[in-house]
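Enquirer: Generate coordinates for the sequence data below:
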Amino acid sequence: MSYVVRTEEDMTFYYFKDGKLCKRIRKADGLSPEYDIMTGIMPDFSLSVAPSGERLIFCRLTKGDIMLIRDGRKGTSGRIILKNTEKSFRGSIAFDALVEKNGISLIYSIPSGHTGENNIYMQRLSREKTGPRLIDTSYGRDYSFCTCHIDGGLRTLFYYKNRRENIFGYRELLGDEWGKYNSVFTSAAYFTDFSRHADKDGLYFLAVINNLFGSRILFRTRTNEGFSAVRVVADMNSINTPLVFLFGGKAYIFFRSGSTPYMAVGDERPVRFGGKLCSRLMKGRYIDSGSRSGIRASEILLDRDKPWDVQLFDEIDENFHKYGSPVKGSEDTAGSGGRDYSFKDFFGKKGSELL
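Expert: Predicted coordinates:
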């Protein structure tokens, strides 16, 4: 999973590449070189942003130890917070951190030892040591585990349950406490992908079901008026790369059928998306830390080969990139909507290790 953190001044891209955690920063004067933050890690890292703007990165070293890296204005530092005592460790691990005055409220998901099961724990990191508390058990689909910070200490935790039937839903968490599990989608068939966005105005959910007869993409919302009905946005073949985000007070739904992109706005039927996109899309987590963008999203689309290259949003919000200017007649190969981002190739120096 890659992360994009946007402020009013810049966008920082964190991504895994060749066993390394890397970052690049886009400012008004161009794109920085690639910096190596940490080497010898596994690809399943997690990132949270503290109220101070400091980025907290949790990653697993190749030998299994868990490291917390702090990336802020004073530089980058890291320390191991959990030593691995097993000879081998299989499966992925995910963290989310809520930084408070008296410590860090940590949520993490680790394999339980049973095939496809993951235990979700909450633990507080502070001067007073407390043990982990089990929240629930999720089943498979690592990409379904996701947290969204809404306001203050309020978070939503999304995950996939698969006991007698396939269920996708969420819990609300406030500080160190949590509410009941809320089922959003239930199906006899497996969900193959998800997208979600959460903010103080509502929750927005997408889920994809594939079967022998085709694919369906489902949409549902949760606002002060309660849950909406489940709506089938499209019934096509091989639906993939779903994304839900808000712009101009409307919910936008993007997806592909095979390699053909579509967009649906509000309750309208999806139409073929005519903007430029790269050939290899991937999803990343999007964290807006104080920018004034018209886009409200929890996820983002990136170029898989260039994880610092944002896709789709610049077609909707012309101020999203705001770096560079339109170039008439220029060939656009990076999905940048006709804008000149050729400065990407002006940097030949390699980033130095920060740790």
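
Enquirer: going forward, measure contacts between C-alpha atoms and count neighbours the same way
Expert: OK.

Enquirer: for the residue nearest in space to the middle of the chain, what are its contacts?
Expert: Nearest to the mean C-alpha position of the chain, by C-alpha atoms, centre = their mean, lies residue 285 at 2.2 Å. Taking C-alpha atoms under 8 Å, 6 or more residues apart in numbering as the criterion, residue 285 is in contact with 1, 2, 3, 4, 298, 299, 300.

Enquirer: Could you list the low-confidence segments of the protein?
Expert: Counting by pLDDT under 70, the low-confidence segments of the chain come to 85-92, 114-115, 129, 140-143, 163-164, 321-355.

Enquirer: Which parts of the stretch 251-355 of the chain are helices?
Expert: For the stretch 251-355 of the chain, helices defined by DSSP state H, counting those that start in this stretch occupy the ranges 313-316.

Enquirer: ok, the contacts of residue 285 vs residue 132, which is closest?
Expert: Ranking these by separation from residue 132, with C-alpha to C-alpha as the measure, puts residue 1 on top at 24.8 Å.

Enquirer: and the gap between the residue nearest to the closest one when sequence neighbours are not counted and residue 19?
Expert: Closest residue to residue 1 in three dimensions, ignoring its sequence neighbours and counting by C-alpha to C-alpha, 6 or more residues apart in numbering: residue 284, at 5.7 Å. Residue 284 sits 18 Å away from residue 19 when distances are taken as C-alpha to C-alpha, to the nearest Å.

Enquirer: circling back to that earlier point, what is the burial count for the residue nearest to residue 1?
Expert: Neighbouring residues of residue 284 were enumerated by other C-alpha atoms under 10 Å; the total is 22.

Enquirer: likewise the one 10 residues further on?
Expert: Residue neighbour count, defined by other C-alpha under 10 Å, stands at 16 for residue 294.

Enquirer: Now do the contacts for it.
Expert: Residue 294 sits in contact with 247, 248, 317, 320, where contact means C-alpha under 8 Å, 6+ apart.

Enquirer: Contacts only, for the third one.
Expert: This points to residue 317. Contacts here follow C-alpha under 8 Å, 6+ apart; on that basis residue 317 touches 293, 294, 295.

Enquirer: Which residue ranges of the stretch 251-355 of the chain form strands?
Expert: Listed in chain order, the strands of the stretch 251-355 of the chain (DSSP state E, counting those that start in this stretch) span residues 260-265, 271-272, 281-288, 295-296, 299-303, 310-311.

Enquirer: Which neighbouring elements make contact with the fourth one?
Expert: Right, strand 295-296. strand 239-247 (3 or more C-alpha pairs under 8 Å, 6 or more residues apart in numbering; DSSP states H and E).

Enquirer: Pull the residues that contact the strand it packs on.
Expert: Contact with strand 239-247 is made by 193-197, 204-208, 210, 215-217, 251-258, 281-283, 294-300, as judged by C-alpha under 8 Å, 6+ apart.

Enquirer: and the angle for it with strand 260-265?
Expert: In terms of direction (axes from the mean of the first three to the mean of the last three C-alpha atoms, to 10 degrees), strand 239-247 departs from strand 260-265 by 30 degrees.

Enquirer: Partner strands of strand 239-247, with direction?
Expert: The strands that strand 239-247 pairs with in its sheet are strand 250-257 (antiparallel), strand 295-296 (antiparallel) (by DSSP bridges).

Enquirer: Tabulate these (a markdown table), appending distance to residue 123.
Expert: Shown next, in a markdown table, are those (distance: least, C-alpha to C-alpha, whole Å):
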| stretch | distance to residue 123 |
| --- | --- |
| strand 250-257 | 34 |
| strand 295-296 | 29 |
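
Enquirer: between those, which gets nearest to residue 162?
Expert: With C-alpha to C-alpha as the measure, strand 250-257 is the member of these nearest residue 162 (24.6 Å).

Enquirer: And that closest one, what's buried?
Expert: The neighbour-count criterion (16 or more other C-alpha atoms under 10 Å) identifies 251, 252, 253, 254, 255, 256, 257 as the buried residues of strand 250-257.

Enquirer: State the distance from residue 111 to residue 60.
Expert: Counting by C-alpha to C-alpha, the gap from residue 111 to residue 60 is 14 Å.

Enquirer: same thing with residue 227?
Expert: Between residue 227 and residue 60 the distance, using C-alpha to C-alpha, works out to 37 Å.

Enquirer: neighbour-wise, which of these two wins?
Expert: Between residue 227 and residue 60, residue 60 has the larger neighbour count (other C-alpha under 10 Å), namely 24 against 14.

Enquirer: Check which helix or strand the more buried one maps to.
Expert: Taking DSSP states H and E as the definition, residue 60 sits inside strand 55-60.

Enquirer: in its sheet, what does that strand sit against?
Expert: Applying DSSP bridges to the sheet, strand 55-60 is found paired with strand 46-49 (antiparallel), strand 66-72 (antiparallel).

Enquirer: what comes into contact with it?
Expert: With C-alpha under 8 Å, 6+ apart as the test, strand 55-60 has contacts from 41-50, 66-72, 93, 95, 97.
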